[in-house]
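*Asks:* This is a predicted model, with the sequence first.
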Amino acid sequence: MADRRGELAANLAKVEERIAAACAAAGRKREEVTLIVVTKTYPASDVRILAELGVRQVAENKDQDAAPKAADCSDLPLQWHFVGQLQTNKVRSVVGYADVVQSVDRARLVTALSKEAVRAGREVGCLIQVALDAGLSERGERGGVAPGGIGELAALVAGSPGLRLAGLMTVAPLTGEYAGRQRAAFGRLMDLSTDLRRVHPAANMVSAGMSADLEEAVAAGATHVRVGTSVLGVRPRLG
Ligand SMILES: *Cc1c(COP(=O)(O)O)cnc(C)c1O
């Protein structure tokens, strides 16, 4: 346990250095970028250590792993982000612990989130997940709505009780015109965010960048980076 603490502290320090350097290179203040640690597949004991080390934002992508972990850690001062593809039958459970759902990508999901948020008496922040590998009106391979669908979905979230439209999220695409071009992909997301903020000025969160490409995301203007592997290690299984 002491070893794990030392390992996580050292990894966190390295990630912190990378974010600080990326901010400096981009002429941005360090406070403009928030680190979200993606704890998927790792145990609640790691989440507890991270909280002791000062982490305040964590993310998970599978409700069956996240729900018991969040329950175990309910005494900790953490904000929980849900970043995985979300089935409507899991929404009630997710709303029980998630402060922010970053993977909002279809109307049916918005309706379900609103209903459960109201039932639970909670406010859930929502990011629209943008698929930069989708055609004009399709959905992406790993979830997300095509850029052309953002406006309609944003209006729906903004008008739904229990939900707060917080901004946009993307995962750098593996296919399509942005494959291997993270900087261009994140630049496109920033342009879409500018468009969104013209209509919804408070929806200013831009969640982009992971272990491999956080520098490109910070350079483009991301407000939140989601880092798993570089903090916790290579995941023992796909997640
Ligand atoms: C797993 C995951 C991350 C973190 O990825 P790493 O490469 O481990 O940093 C970020 N965002 C989403 C949506 C994820 O599923």
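*Replies:* Thanks, I have the structure now.
*Asks:* Report the closest residue of the protein relative to the ligand.
*Replies:* In the chain, the residue that lies nearest the ligand is Gly228 (2.8 Å; Cβ to the nearest ligand atom). Yep, even glycine has a C-beta here, placed from its N, CA and C like the rest.
*Asks:* Next up, the contacts around that residue.
*Replies:* Contact analysis of Gly228 by Cβ atoms under 8 Å, 6 or more residues apart in numbering lists Val37, Val38, Thr39, Lys40, Ala59, Met210, Ser211, Arg235.
*Asks:* cutoff 10 Å now
*Replies:* Shown in contact with Gly228 (Cβ atoms under 10 Å, 6 or more residues apart in numbering): 36-42, 59, 61, 83, 210-211, 234-235, 239.
*Asks:* out of those, which are buried?
*Replies:* Buried members of those, counted by 16 or more other Cβ atoms under 10 Å: Ile36, Val37, Val38, Thr39, Lys40, Thr41, Tyr42, Ala59, Asn61, Val83, Met210, Ser211.
*Asks:* Now do Arg235, the pLDDT please.
*Replies:* Looking at Arg235, its pLDDT is 88.
*Asks:* what's the nearest residue to it if we skip its chain neighbours?
*Replies:* Thr41 (4.7 Å; Cβ to Cβ, 6 or more residues apart in numbering).
*Asks:* which SSE is that neighbour in?
*Replies:* Assigned by DSSP states H and E, Thr41 falls within no helix or strand.
*Asks:* same check, this time on Gly125
*Replies:* strand 124-130.
*Asks:* swap in Lys14?
*Replies:* Using DSSP H and E, the element containing Lys14 is helix 2-26.
*Asks:* Show the subsequent helix or strand relative to that helix.
*Replies:* Moving toward the C-terminus from helix 2-26, the next element (DSSP H and E) is strand 34-38.
*Asks:* Tell me the helices and strands packed up against that next one.
*Replies:* helix 2-26, helix 44-52, strand 57-60, strand 79-82, strand 205-207, strand 224-227, helix 229-232 (3 or more Cβ pairs under 10 Å, 6 or more residues apart in numbering; DSSP states H and E).
*Asks:* what sits against the residue nearest to Val104 when sequence neighbours are not counted?
*Replies:* Excluding the flanking residues, the one nearest Val104 by Cβ to Cβ, 6+ apart is Cys126, at 4.6 Å. Cys126 is in contact with 100-104, 109-110, 113-114, 117, 153-154, 156-158, 160, 162-167, 169, 203, 205, counting by Cβ under 10 Å, 6+ apart.
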